[in-house]
Structures are given as structure tokens and as C-alpha cells.
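[1] With the input below, show me the fold.
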Amino acid sequence: MIRYILFVMSLIYAYKLHAGTDRLERCRSDLIQLLHDEQGWIKVHAAEYLLQLGEYREGIASVFHKEDSLYGDVPAYRIGIWRVLAQTDNEEIRSSYLGRIKAVFYDTSANDRLHAIETLAKLREPLSLKDSLVSEALQSRLVPMMLYTKWNAAYHSVDMQRQVSDELAMMLLDGKSRLSVDEQKTACYVIRQLDRLSIKCWQALHDFALSELSNSPIKVTLYSTLYKTKPRAIIDRVLKNELEAVAIDSPDVITVLTVLCAKGSADDRAHLERFYLSLSNRALPHYDADKHAASAYALYSLAYRIKMKEQ
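    Modelled structure (predicted):
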């Protein structure tokens, strides 16, 4: 009887393992299909998700060299194309595309300078703080330009990353800053990317979020930021419960997905599978290809990270 029970249990385990492997292969296939079928920024995002997973590099390069030949002169989108190509090849090729992106930022007549500085921050390529245009951008009245330039400048040192993270946290806490909802979300995004908040600022943001933001449009974004940047010693089920309960049609669901896959544990896989199964269903009225790509990446990324930990 005991042998029979052990045999059945082994079959169940094998079935779950096979099902899980099939689903991850489907995630990878979805991202490749979205890369080929979608246009514009969804194509860029699918490519970057695959690059972060270490997948399909040559295929991505081929697709985006073609995009460059077709749309390399289209403002904003050209920055996305070059951002992908800068990540697909050797340092010489990377430097070439970084040069193009920097040239856009330094061209004061270009209307995609904001995209350029954001991309240089994403690629962790800090510009010289001695440059007058960089100094001007750091003080810009255009808040997104100021935020992205601070993010870019932060990569000069770990100390600057801490300084910028805390500065933006204080900006969120300061009622006099009068940031718009989108600007607050951008500040949160930069804080998540740097992931260097001091415990003091993290606690202040945490207390603010739990006491003041019950119906705020930045609630989910701030909770995601707190969960992504929380000190290791802190276990906060309130934050995690809030993120796991986010509706699939929420405008912030992509933020939640990226945070759960970056900081989540094996227990979060079921939640990410739930998100993926719904967001990848093209027959549902809420279908959005960008969210589909994000959910496929999140599930694959978390599963891969867990696997690496177990080895």
C-alpha cells in the first residue's frame, strides 16, 4: 500500500513538473511571437524581456536591424530600436548605438530627448555631470526630464544611487512638491530601479502609504515600490496581499508583475500563473499585448530564478 501511494505521488509530481515546463515553454514562445507580430513599443518590450531571460538574441538582432532600416528616423521609437540593438551584440556595437542615443539627448531641437535620457538611465550609461545640458536637465521644470536625468546621474556611484533614491522619496512625501499622478509614478519607478532606499526613508514611505493612500491612484505603484525596495529583515504581508489582489485590468498590473517576479518566492508562482493565464487569453475583452508580454516574462523569470536557487 505504501509503495502504491509513493508511486501515485511520484506520478502527480511528474505531471506537475511536466505541466510547469510546458507552461514556461509557452511563455517563451509567446514572447517570440509577440516580438514578431506586434509593432512599436510592444515589440521593444517583448525583445527586452527575452534579452533579460537570455533568450533569442540573434533573432532579436535580426528583427531590430530591420526595424532600424524602416523606422530609424522616427522620433521616440528610434530610441527604443537603438536601446534593443545596444543590448544584442558586443561592446563596439553597443557603443555605436549609445552614441546615437546620446546625440539625440544633446540635440536640443530633438523632441525625443526625454526618451534618450530615460534609455541612457535604463542602460546605466551616466552622462558627465560637468556637461551644461546635463546640469540644466537636472534642474528642469519638465519633471520627467529632471527625474530621468537624476536616475541617469545616480549611476556614477552607489552613494549617488542612495542619495537620489532618498531625494525622490522625500519628494513623494512633500505635499508642497505638487507632483502629478504620472510624475509620482515616475518617481516610484526610478526608486524601484535604483533599489537603494535608506531604511529611514523606506519606513517613512511605508507609514505614509498605509495611513494616507487608501483610495489614491498611486497606491498600487507605491505599494509595489515598497515591496521591491523593502529591507530583507522586514516581512510585510500587507504589501504582498495588496499586490496579489490587484485586478488583471488594473493600469498598474505590469508594475505588480515585474515586482513579484523580481522579489517573489516560490509561493508567488501560483499568483503569476493566474495573471498569465488571464492576460495571455486573446479572447477576453481586457486583452492587452503589452500585459501579455509582461505576464509571460514574469512567470518565466520567477520560475528560472527559483530553479537557480535550488541548484
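[2] Is the residue minimising distance to the centre of the chain within a helix or a strand, and which one?
    Per C-alpha atoms, centre = their mean, the C-alpha nearest to the average position across the chain is that of residue 258, at 5.5 Å. In the assignment (DSSP states H and E), residue 258 maps to helix 253-263.
[3] Packing partners of the helix or strand just after that helix?
    Under the assignment DSSP H and E, the closest C-terminal helix or strand after helix 253-263 is helix 269-279. Other elements packing on helix 269-279 under the criterion 3 or more C-beta pairs under 8 Å, 6 or more residues apart in numbering; DSSP states H and E are helix 2-37, helix 253-263, helix 289-310. C-beta: built from backbone N, CA, C; applies to glycine.
[4] looking at those helices, which is buried most?
    Most buried of the helices and strands packed on helix 269-279, by mean neighbour count (mean count of other C-beta atoms under 10 Å): helix 253-263, with a mean of 22.
[5] what about dumping the CA coordinates of it to PDB?
    C-alpha atoms of helix 253-263 as PDB (Å, rounded to 0.1, in the frame of the first residue of the first chain):
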ATOM      1  CA  VAL A 253      -0.700  45.400 -13.300                       C
ATOM      2  CA  ILE A 254       2.600  45.400 -15.300                       C
ATOM      3  CA  THR A 255       4.300  47.100 -12.300                       C
ATOM      4  CA  VAL A 256       2.900  44.400 -10.000                       C
ATOM      5  CA  LEU A 257       4.100  41.600 -12.300                       C
ATOM      6  CA  THR A 258       7.700  42.900 -12.500                       C
ATOM      7  CA  VAL A 259       7.900  43.400  -8.800                       C
ATOM      8  CA  LEU A 260       6.500  40.000  -7.900                       C
ATOM      9  CA  CYS A 261       8.900  38.200 -10.300                       C
ATOM     10  CA  ALA A 262      11.900  40.200  -9.000                       C
ATOM     11  CA  LYS A 263      11.200  39.800  -5.300                       C
END
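[6] What are the contacting residues of it?
    Residues outside helix 253-263 that contact it (C-beta atoms under 8 Å, 6 or more residues apart in numbering) are 189, 192, 220-221, 224, 227-228, 230, 243-244, 246-247, 250, 268, 271-272, 275, 279, 290-291, 294-295, 297-299, 301-302, 305.
[7] likewise stretch 33-47?
    31-32, 50, 56, 59-60, 63-64, 67, 77, 80-81, 83-84, 289-290, 292-294, 296.
[8] What mean pLDDT does it get?
    Model confidence over stretch 33-47 averages 98 on the pLDDT scale.
[9] likewise stretch 200-210?
    Rounded mean pLDDT across stretch 200-210 is 93.
[10] low-scoring pLDDT stretches of the stretch 51-200 of the chain, where are they?
    176 (pLDDT under 70).
[11] Tell me where it has strands.
    Assigned by DSSP state E, counting those that start in this stretch, the stretch 51-200 of the chain shows no strands.
[12] can you map out the helices along it?
    Counting by DSSP state H, counting those that start in this stretch, the stretch 51-200 of the chain has helices at residues 57-71, 77-85, 91-106, 113-122, 132-138, 143-154, 158-173, 181-194, 199-212.
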